[in-house]
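Give me a model of this one.
(2 chains)
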There are 2 protein chains.
Amino acid sequence: MTTDYSPLEVFNENENLDEIHLGRHVLAEFFECDPNTLNNIDKVEKYMMEAALECGATIVQKCFHMFSPYGVSGVVIISESHLAIHTWPELGYAAVDLFTCGSKCDPKVAYEFLKDKFHSKNASFTELKRGIITRNSMKVVEKPFEVMEQIAN
Amino acid sequence: MTTDYSPLEVFNENENLDEIHLGRHVLAEFFECDPNTLNNIDKVEKYMMEAALECGATIVQKCFHMFSPYGVSGVVIISESHLAIHTWPELGYAAVDLFTCGSKCDPKVAYEFLKDKFHSKNASFTELKRGIITRNSMKVVEKPFEVMEQIAN
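Model prediction:
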């Protein structure tokens, strides 16, 4: 993975910063979605690709798969990490991961975009910091992830 | 997505069960890994594919990408969801997701396998439940994810 900044530069430019994190990982849950959309591989792929572009990411590769009798799984690898989706049309439910690195992308934009496209009446958004680097150590802190923000709307 | 059981069947067979979850999502952090392994796309791909098979999954598709100057990103889509990796060889760090559905796969097996292959001296494992279904509602509960287990070793 590459980030568009070096930890050393960021700390030098921001004297009050004690830690940074390499990635933002959003675990999104979309409830009460339109089942026909969730069961349409072309639509799911199209919306995931558009979500990547909307949030400022650069698409590298993609792979999507249609399950029998229902459901789609797919991943878009972006220069800034990945977006992944698994859908259960029969339950109107989709589990989505939006993992981005660097300062250019905002996974929240992808979340709002997909919530709208899937016609989700209810959704939740949990953002985690991954790969926390402290100024003192200048290396990745060896502890489990940290929750940054959690909302349900 | 497909699961190898229907929620209704599981509840009927287990009278004391009040809720089940569609997926187990492990957020793994591998610290102090061998940088040469993390920067070798062939090895990273090989170990991720083997990890999928080791934990009982069926591989559907894969895509891996090598970044310049360092780092590998990749995803293995399995019938039971996906495994994803992003590596920062310069920091000896890899962020890995092991998302599995159904009763056949154990993401912990993939975690232990990769920890060994990456020669990680320290790692953390956080398991979340995704898509919780309750007996009363028989649909996905509309609340953010729930942490199931968290260990550092």
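
any idea which helix or strand comes after the biggest helix by length in chain A?
Among the segments of chain A that qualify as a helix by DSSP state H, the longest is helix A:41-54. Using DSSP states H and E, the helix or strand that follows helix A:41-54 towards the C-terminus is strand A:59-66.

Let me know the distance separating the residue nearest the centre of chain A from B:Ala28.
By C-alpha atoms, centre = their mean, chain A has its centre lying nearest to A:Leu98, at 0.7 Å. Separation of A:Leu98 from B:Ala28 (C-beta to C-beta, to the nearest Å): 18 Å. C-beta here means a position set from N, CA and C on the backbone, and glycine is covered the same way.

what about chain A, any weak spots by pLDDT?
A:1-5, A:144-146, A:153 (pLDDT under 70).

all strands of it, in order?
A:19-31, A:59-66, A:72-78, A:81-88, A:93-101, A:122-134, A:146-152 (DSSP state E).

Tabulate these in a markdown table, adding columns for distance to B:Phe64.
Shown next, in a markdown table, are the strands of chain A (distance: least, C-beta to C-beta, whole Å):
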| stretch | distance to B:Phe64 |
| --- | --- |
| strand A:19-31 | 18 |
| strand A:59-66 | 8 |
| strand A:72-78 | 8 |
| strand A:81-88 | 11 |
| strand A:93-101 | 16 |
| strand A:122-134 | 19 |
| strand A:146-152 | 28 |
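
Any idea which of those gets closest to B:Ser120?
Evaluated over the strands of chain A, closeness to B:Ser120 peaks at strand A:122-134, with 13.8 Å, by C-beta to C-beta.

List the buried residues in that closest one.
Buried residues in strand A:122-134, counted by 16 or more other C-beta atoms under 10 Å in any protein chain shown: A:122-133.

and it, how far out from the chain's middle?
Strand A:122-134 sits 9 Å away from the centroid of its parent chain (C-alpha atoms, centre = their mean, to the nearest Å).

If the closest residue to A:Glu45 other than its chain neighbours is in a bridge, with which residues?
Leaving aside its chain neighbours, A:Glu45 sits nearest to A:Phe64 (4.6 Å; criterion: C-beta to C-beta, 6 or more residues apart in numbering or on different chains). Beta-bridge partners for A:Phe64, by DSSP bridges, are A:Gly74.

Good, we can wrap up now.
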